[in-house]
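Asker: Please find the sequence and the predicted model below.
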Number of protein chains: 4
Amino acid sequence: MNVIADLCIVPLGVGVSVSTYVAACERILLDAGLTVQLHAYGTNIEGDWETVFAAIRRCHEAVHKMGAPRITTTLKFGTRTDRDQHMADKVASVKAKLEAGLA
Amino acid sequence: MNVIADLCIVPLGVGVSVSTYVAACERILLDAGLTVQLHAYGTNIEGDWETVFAAIRRCHEAVHKMGAPRITTTLKFGTRTDRDQHMADKVASVKAKLEAGLA
Amino acid sequence: MNVIADLCIVPLGVGVSVSTYVAACERILLDAGLTVQLHAYGTNIEGDWETVFAAIRRCHEAVHKMGAPRITTTLKFGTRTDRDQHMADKVASVKAKLEAGLA
Amino acid sequence: MNVIADLCIVPLGVGVSVSTYVAACERILLDAGLTVQLHAYGTNIEGDWETVFAAIRRCHEAVHKMGAPRITTTLKFGTRTDRDQHMADKVASVKAKLEAGLA
């Protein structure tokens, strides 16, 4: 089962700067062979369900090992059975409508 | 690794009434032996990481089988290494402060 | 426009214990006359759109004043035009299906 | 108060294809003069609190007018008092650490 997800990991108890932890998670997601796209409030991820969730678990484990005693994460994820869809399709579909003056 | 989560599964393509799908997911979570507490915008879940995420996968599979061609889910989840914490502790801690007039 | 929401405010830079901040927000939401129900990963809120969002803004302002230099919040919110729906209806609808053995 | 947000609006009762509704919201956000960046699971938004939340309200109103009887939205938003931060800063900070081999 393919999944498109959006991951936002927030370490607590380590101050206000979290980019070091986010970068470590990016590395883990990339090393897992997932399609990954960082944005300003999280990271888009695409891949097989098991691969995605195993990588997210490794992110939590890594952020704890880096010193964060507590983590709260917000994750959106979508699956569909009607057709294949990839991250780039979702963005392209909206942009095409905007450019065609349909919105 | 223990996890406290909050799950909100939204089936698309099946109209505006989603309670049948949510009820099916509650059943799956309860049958998995997880601590489960339904609320008005999702379900609190507590348990071992693997058990929680395996049950969530079964929820997506079941909702697709019930006829939803597309699902979008919002999940919050937290882990901590500094101490054990359970769902009831989180609520009790806030309520105690409210009742003590500290807020 | 009526809105049912689920609010989870996370202060950063103040350590791992956040219940004091959550309790302050509960107080603000209650004082705004909103329907409020605390759970283990956030707070359900129901009310008029303007009242709900004005209260959430006061929560952010209060948590900053209490000393949190950074806040990240996850909010789910729903509106509908087909019929009135209240927080208790959403929970009752799922529970009825579970108890009827429909799930 | 400046806010950086991530908006994901999901119309229910209109089938599985939601890009027309998302495009309409992009148009509203752009017309409000906000900094806007579409991604595969939502839209990053930056601006003054009142402008951001007024535009989000107009998105809900527009999506209802386009025919969706029910909407469920997931919104993340952050504020900080310690320093100015913009959307591009957040991405650049993580990328710099990745490129420096620090992750």
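Answerer: That came in fine, so what should we check first?

Asker: Every contact and neighbour count from this point should use C-alpha atoms.
Answerer: OK.

Asker: tell me what the least confident helix or strand in chain A by mean pLDDT is packed against?
Answerer: None of the helices or strands of chain A scores lower by mean pLDDT, DSSP states H and E than helix A:87-99, at a mean of 94. Here helix A:87-99 touches helix D:19-31, going by 3 or more CA pairs under 8 Å, 6 or more residues apart in numbering or on different chains; DSSP states H and E.

Asker: Where is the longest helix in chain A?
Answerer: helix A:49-65 (DSSP state H).

Asker: is it anywhere near chain C?
Answerer: No: applying CA under 8 Å from any CA of the partner chain, one finds helix A:49-65 separated from chain C by no less than 12.8 Å.

Asker: Quick one: residues in contact with that helix.
Answerer: A:1-3, A:11, A:21, A:24-25, A:28-29, A:32, A:34, A:45-46, A:70-71, B:53, B:79-81 (CA atoms under 8 Å, 6 or more residues apart in numbering or on different chains).

Asker: Buried residues in it, which are they?
Answerer: A:49, A:51, A:52, A:53, A:55, A:56, A:59, A:60, A:61, A:62, A:63, A:64 (16 or more other CA atoms under 10 Å in any protein chain shown).

Asker: so what's the first one scoring on pLDDT?
Answerer: Think residue A:49. On pLDDT, residue A:49 comes in at 98.

Asker: thinking again about what came up before, next, the residues that contact the least confident helix or strand of chain A from outside, please.
Answerer: Against helix A:87-99 from outside (CA under 8 Å, 6+ apart): A:4, A:44, A:46, A:103, D:19-20, D:22-24, D:27, D:38-40.

Asker: Quick check: buried residues in that helix?
Answerer: For helix A:87-99, by 16+ other CA under 10 Å, it's A:87, A:90, A:91, A:93, A:94, A:95, A:97, A:98.

Asker: same check, this time on stretch A:20-35
Answerer: A:20, A:21, A:22, A:23, A:24, A:25, A:26, A:27, A:28, A:29, A:32, A:34.

Asker: Could you check how far the closest residue to the third one other than its chain neighbours is from residue A:11?
Answerer: It refers to residue A:22. Nearest residue to residue A:22 in three dimensions, chain neighbours excluded: residue D:94, at 6.6 Å (CA to CA, 6 or more residues apart in numbering or on different chains). According to CA to CA, to the nearest Å, residue D:94 and residue A:11 sit 15 Å apart.

Asker: so what's residue A:16 up against?
Answerer: C:12, C:13, C:69, C:70.

Asker: Out of those residues, grab the one that's most surrounded.
Answerer: residue C:12 (25 neighbours; other CA atoms under 10 Å in any protein chain shown).

Asker: thought that residue was touching residue C:67?
Answerer: No: between residue C:12 and residue C:67 there is no contact, the gap being 9.7 Å when judged by CA atoms under 8 Å.

Asker: hang on, residue A:42 packs against residue A:7?
Answerer: Yes: with contact defined as CA under 8 Å, residue A:42 reaches residue A:7; the gap is 5.3 Å.

Asker: Tabulate the CA atom coordinates of stretch A:39-58 in PDB.
Answerer: Extracted in PDB, the C-alpha atoms of stretch A:39-58 (Å, rounded to 0.1, in the frame of the first residue of the first chain):
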ATOM      1  CA  HIS A  39       8.800  22.500   3.300                       C
ATOM      2  CA  ALA A  40       8.400  25.300   5.900                       C
ATOM      3  CA  TYR A  41       6.200  23.300   8.300                       C
ATOM      4  CA  GLY A  42       7.100  19.700   7.700                       C
ATOM      5  CA  THR A  43       8.200  17.100   5.100                       C
ATOM      6  CA  ASN A  44       6.300  15.400   2.400                       C
ATOM      7  CA  ILE A  45       7.100  11.700   2.200                       C
ATOM      8  CA  GLU A  46       6.000   9.100  -0.300                       C
ATOM      9  CA  GLY A  47       6.600   5.400  -0.300                       C
ATOM     10  CA  ASP A  48       5.400   2.000   0.700                       C
ATOM     11  CA  TRP A  49       3.500   2.000   4.000                       C
ATOM     12  CA  GLU A  50       6.000  -0.200   5.900                       C
ATOM     13  CA  THR A  51       9.000   1.700   4.700                       C
ATOM     14  CA  VAL A  52       7.400   5.000   5.600                       C
ATOM     15  CA  PHE A  53       6.400   4.100   9.100                       C
ATOM     16  CA  ALA A  54       9.600   2.200   9.900                       C
ATOM     17  CA  ALA A  55      11.600   5.300   8.900                       C
ATOM     18  CA  ILE A  56       9.300   7.500  11.000                       C
ATOM     19  CA  ARG A  57      10.000   5.200  14.000                       C
ATOM     20  CA  ARG A  58      13.700   5.600  13.400                       C
END
